[in-house]
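K.L.:
sequence below, structure please.
(2 chains)
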Amino acid sequence: MNHLIGCQYTLKSLAICVGLLVFSSCSDKGCTDPLAQNYDVDASKDDGSCTYGDFDRLAFNSNYVDNLIEPAIVDFNQKVAALSSSVQALKNDLTPSNLNASKTAYTQAYLSWQNVSAYQFGLAESLSWRLSTNAYPVDTSKIEGFITNQAYNLAAASSIDAQGLGAIDYLLYAESETQTLQGFAQDSLRVQYLADVVDLIEDNISAYATDFQGSFKTTFKENIATDAGSTLGLLVNNINQDFEILKNAQIGIPLGKKTLGQVQPTFTQGYYSKLSYDLCLEHLNRVELNFTGGSGSALGLDDYLDFLGAKHDDENLSDKIKAQINLCQTKLQAINSPISQAVVNNSTLVDEFYTEAVALVVLLKTDMPSALSVLITYQDNDGD
Amino acid sequence: MKLRSIFLGLTAAFLIFSCAKEKGCTDANALNYNPDAEEDNGTCTYANTPAYTIPTTYEFTDADGNNTVSYSGQTDRIGMLLEMKSYMATAASGVGTAVSAQTLLDMFANENSPFTDANLNASSKQIESKTFSLDVSAFKVYFDSIALYSQSQVAGANGTAGVVSNGTKSYLCSPTGKDYAQFVEKGLMGALLYYQIAEVYTRDGKIGEAVDNTTAVDAAAGKYYTSMQHHWDEAFGYFGAPVDFPANTNDVLFLAKYSNNYDDELGLNQQIMDAFLAGRAAINNNDTEAKEMNAAKVRMLVEKIFAGAAIHYFNVAVDNITDNTLRNHYISEGLAFLMSLKYNSDAIISQSQIDAIVSTIGDNYYDVTIANLVSARDQVSTIYSMDDVKTEL
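P.N.:
Have a look, this model is predicted:
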């Protein structure tokens, strides 16, 4: 598969060469294909000397693995470990300062999740990692029922909406500081439930980190094919699916896009902690990083698109996508308040952001995969 | 050059105006019909004459002749709704014939093999997860009400829940005359069938630019359709019509059945089928404009089925105003159709208009007056411009 793109381009340039051969009659010979490495602007007749380098897909994969994916997994693992210690300290000593330390550690962990949520590779898939870590909105009556009845199995599929970061959000923030501490003091099972929820998140991320940093990482890096199961294919699919979740779950659903326009403030991510805006901004910035692969010479999807000469109308597709991401960032920053409040008080601004996010989906999900010859294989998980 | 062409143009204009007969498009059906033209010059252009063929039945194949139409999930859910309807009807078969709320919940979610058709029990599909999410709990409350009232050991009457019978027909009613089986069945025609068509499968999320329309979903597994083609087929599947509708009206279910009931008055059968066919052909030929136009048509036409049905049932409630059994049943049916009109964000009617009509009827169907029913009917017919057929419906 590696040489396939090279072939296509050789064929394409051949067609251009033949075309020029027929229609031009004279003078300067050289390479006339703008996509070739040795493109000669002065040449009017192609002499078959065009050479095409191959895009360094190993360096591309390595950049994503070494500079984006692995650091994000490691960071989330550390932040969750810190959250776990804070919650243990709180459990042992129910003080306001321990509660605040838990909230701080929780905020750090939730922000870190925004940076890792796109990376559902290998073990993450079999763990249903995204859902078990961050299904929202949580079912608060189910959580209360679990605590009251002292009977729950967080590993069961039916417990998915009573756990994860959303359950911690509810347990730490739904009530005032005093009431929260009182609730924990009156019912030790309540703080135990909190600790159990954190433990499961910790177990999952540490298992995933170990798996990823083992042989998986090397295999993943060295897979330079472009088919559906390849690293490139998985990256493009995961980045798209992750952005659609941002667009739908973090914005569209609270805005009422699935409920005939009736806003659903409680459906936001981080509803009780009012972190929804910060989380969304962190997530969107990660979308940009996932596209550019980082600053400087770091090879990202933008570089790959440029290498292929991908255009959108007359513009470079990569520039078009970057501009659209920046427009989304501007629109999101204009909201600058919890999404749960903005959908009620300032829904026009949220709607403007949503509209630009929809336009970005078209570029990321249709134009980009088509230029990269990658298939979008994930389905909307609502079946048919 | 320029001066010369202007001069030529002026000369031509002079010639045309001085000629005896004005030429132009003389077909009144054409986009550029010129009422002053006396002689046709072959310039007529017509709207939406696609360069591709639109078939007359809902059968589509790919370039290799493989069938690309599939909507088995919709057929399963319609089958489940039919079984729910039959099960709820057993509650009306005699005083004290209890039905179970748990069975209805199981049928709603396809859990614990609740269906008589084993294929439905084996299906991975269910109704609940596809029902308009904010109303799922309201349907569950209806199930509880039906189960509770079905335990009544006395006949239903004003102020008493139970089976109300006129000797020919029997329906289970609440103390205020509500036939909740109607609120479930016609409510789900709205919250499931109509909602999925109007808000999900004919919208950008399923047939917009970002949805793939170039690659077969899984040719190796016989899925020769693209995602976009499949989504359109799923909308058609929820309509409940045979592929050769309306030539064939034998196996029509739910939406297609009620479209057919009022076809003489509303003439929706052929229009709806044409929109589904033209929309699918447009998708096959990447004709975005025609796709969007027909998506909007489907939504607007299906909406009229609900409006027409509401008018019809308010009419027959008036005709049977002294018959507790029929009047209660028809008002419940009409109101359930009316309330289902909300499941389309482009609906002609507004929520406040729906609420106004509901309150015109009032909460107790035993006490309703003819004047209120006629007023409710007229409000609907005015909103939907159905005044000319409102007495025939």
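
K.L.:
let me know how buried residue B:151 is, in neighbour terms.
P.N.:
Residue B:151: 13 surrounding residues under other C-beta atoms under 10 Å in any protein chain shown. Quick note: C-beta positions are derived from backbone N, CA and C, even for glycine.

K.L.:
what sits closest to it if chain neighbours are left out?
P.N.:
The shortest distance from residue B:151 to any non-neighbouring residue, by C-beta to C-beta, 6 or more residues apart in numbering or on different chains, is to residue B:98 (5.0 Å).

K.L.:
per-domain residue ranges of chain A.
P.N.:
Taking automatic domain parsing as the reference, chain A has its domains at A:4-46, A:58-224, A:227-384.

K.L.:
picking that back up, how much space between the residue nearest to residue B:151 and residue A:283?
P.N.:
51 Å (C-beta to C-beta, to the nearest Å).

K.L.:
neighbour-wise, which of the two wins?
P.N.:
Set residue B:98 next to residue A:283 and count neighbours by other C-beta under 10 Å: residue A:283 wins out with 22 against 14.

K.L.:
where's that one, which helix or strand?
P.N.:
Element membership of residue A:283, judged by DSSP states H and E, is helix A:276-292.

K.L.:
where does chain B have low pLDDT?
P.N.:
B:1-21, B:47-48 (pLDDT under 70).

K.L.:
and it, which residues reach chain A?
P.N.:
Contact residues (C-beta under 8 Å from any C-beta of the partner chain) of chain B with chain A: B:73, B:124-125, B:129-130, B:132-134, B:199, B:204-205, B:208-210, B:212, B:215, B:227, B:230, B:234, B:342-345.

K.L.:
give me the pLDDT for the nearest residue to residue A:233 once chain neighbours are set aside.
P.N.:
Using C-beta to C-beta, 6+ apart and skipping residues adjacent in sequence, the residue nearest residue A:233 is residue A:374, 5.1 Å away. pLDDT for residue A:374: 92.

K.L.:
could you do the one 3 residues further on as well?
P.N.:
With respect to pLDDT, residue A:377 scores 87.

K.L.:
against residue A:238, how distant is it?
P.N.:
11 Å.

K.L.:
higher neighbour count, the two?
P.N.:
Per other C-beta under 10 Å, whichever of residue A:377 and residue A:238 has more neighbours is residue A:238, with 21 against 17.

K.L.:
and the host helix or strand of that one, C-alpha only, in CSV?
P.N.:
Assignment of secondary structure by DSSP H and E places residue A:238 within helix A:231-245. Extracted C-alpha coordinates of helix A:231-245, given in CSV (Å, rounded to 0.1, in the frame of the first residue of the first chain):
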residue,chain,number,x,y,z
THR,A,231,-2.2,4.0,11.9
LEU,A,232,-3.2,6.8,9.5
GLY,A,233,-6.7,5.3,9.0
LEU,A,234,-7.2,4.9,12.8
LEU,A,235,-5.9,8.5,13.4
VAL,A,236,-8.2,10.1,10.9
ASN,A,237,-11.2,8.1,12.1
ASN,A,238,-10.5,8.7,15.8
ILE,A,239,-9.9,12.4,15.3
ASN,A,240,-13.2,12.7,13.4
GLN,A,241,-15.2,10.7,15.8
ASP,A,242,-13.8,12.7,18.7
PHE,A,243,-14.6,16.0,17.1
GLU,A,244,-18.1,14.9,16.3
ILE,A,245,-18.5,14.1,20.0
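
K.L.:
orientation of that helix relative to helix A:276-292 in degrees?
P.N.:
160 degrees (axes from the mean of the first three to the mean of the last three C-alpha atoms, to 10 degrees).
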